[in-house]
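K.L.:
here is my input, please return the structure:
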Amino acid sequence: MALDPFAPFRLDGKVAIVTGASGGLGSRFARVLDAAGARVVLAARRTERLEQLATDLRDAHVVSCDLSLEGAPSSLVAATLAHYDRVDVLVNNAGTSQPTPAFDETTDKFAATLRVNLVAPFELARECARAMIAAESGGTIVNVASIWGLVGVGQIPEAGYAASKGGLVNLTRELGAQWARKGVRVNCLAPGWFRSEMTEGLMFGDESAERWMRQRTPMGRGGEEDELDGALLFLASAASSFMTGQVVCLDGGWTSV
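P.N.:
Just a heads-up that it's a prediction; the model follows:
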């Protein structure tokens, strides 16, 4: 039989949940998983955007979901199982960010950021892992963190966001260790500066901010949209079958210096 090195990257017949799929990196992630053969559950608050994206995909299911609400993660997993009767991949991509100096960041705002960026991903991972283990099919969970989860940034102050992403990084390690022998792998994608709705105006579109970013990044630029595709597919597929609890950083060298 001929060797096919690309076969492990295929997701044919798999069901993948992507949160925050209505725009930015999330919609790109959904398209990548769809192109690899997955049936994709598109989850976000902006239903119209999800429905538009679904028309471009082969087999997609839209679930309107606000992860800041109690019970939303469990409802999302239940809706996935009701529609597809399985879940194989979870991409915990949804997040919120509103840079604010720590002295001005209220406790309520800090807690609200952790609710979306850390608590909801934990609940989603837990419920998906339960379904994966019960089905004896195994599965993969990809948590989308950030360079903010590995280093401080300072010039763009947001303690809640940094704390949530740092927590997501170590949550990845802990869940990866707990579920390793149960067939559920958990890994983390930590992007640097990529253009998205969250970074538009904050980093991109502001000349001085972009200049600072280019000077600080060893590769001298931000990331292009397609430069996350390979890493996402690697972590979501059997191509990374002997890997769990790890963080893959795509940041142009930002965290290396």
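K.L.:
may I ask which helix or strand of this protein has the lowest mean pLDDT?
P.N.:
Every helix and strand of the chain was ranked by mean pLDDT, DSSP states H and E. The lowest is helix 207-216, at a mean of 90.
K.L.:
just the C-alphas of that one, formatted as CSV.
P.N.:
This file holds the C-alpha atoms of helix 207-216, laid out as CSV (Å, rounded to 0.1, in the frame of the first residue of the first chain):
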residue,chain,number,x,y,z
GLU,A,207,0.3,52.9,12.6
SER,A,208,2.2,53.3,15.8
ALA,A,209,0.8,50.1,17.3
GLU,A,210,1.7,48.1,14.1
ARG,A,211,5.2,49.6,14.1
TRP,A,212,5.7,48.6,17.8
MET,A,213,4.5,45.1,17.0
ARG,A,214,6.8,44.7,14.0
GLN,A,215,9.8,46.0,16.0
ARG,A,216,9.0,43.6,18.9
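K.L.:
any idea which helix or strand comes after it?
P.N.:
For helix 207-216, the succeeding helix or strand toward the C-terminus, using DSSP states H and E, is helix 229-236.
K.L.:
got a list of what the closest residue to Pro218 other than its chain neighbours touches?
P.N.:
Distance criterion CB to CB, 6 or more residues apart in numbering; nearest residue to Pro218, sequence neighbours excluded, is Gly253 at 3.2 Å. For glycine as for every other residue, the C-beta is placed from the backbone atoms N, C-alpha and C. Counting by CB atoms under 8 Å, 6 or more residues apart in numbering, Gly253 touches Thr217, Pro218, Met219.
K.L.:
where neighbours are concerned, which of those has the most?
P.N.:
Neighbour counts for those peak at Thr217, which has 18 neighbours (criterion: other CB atoms under 10 Å).
K.L.:
show me the beta-bridge partners of Thr140.
P.N.:
Thr140 forms beta bridges with Val89, Arg185, as assigned by DSSP bridges.
K.L.:
look up how far Val257 lies from it.
P.N.:
Computed as CB to CB, to the nearest Å, the Thr140 to Val257 distance reads 31 Å.
K.L.:
with neighbour numbers in mind, choose between these two.
P.N.:
Thr140 (26 against 8).
K.L.:
the more buried one and Phe6, how far apart?
P.N.:
From Thr140 to Phe6 the distance is 17 Å (CB to CB).
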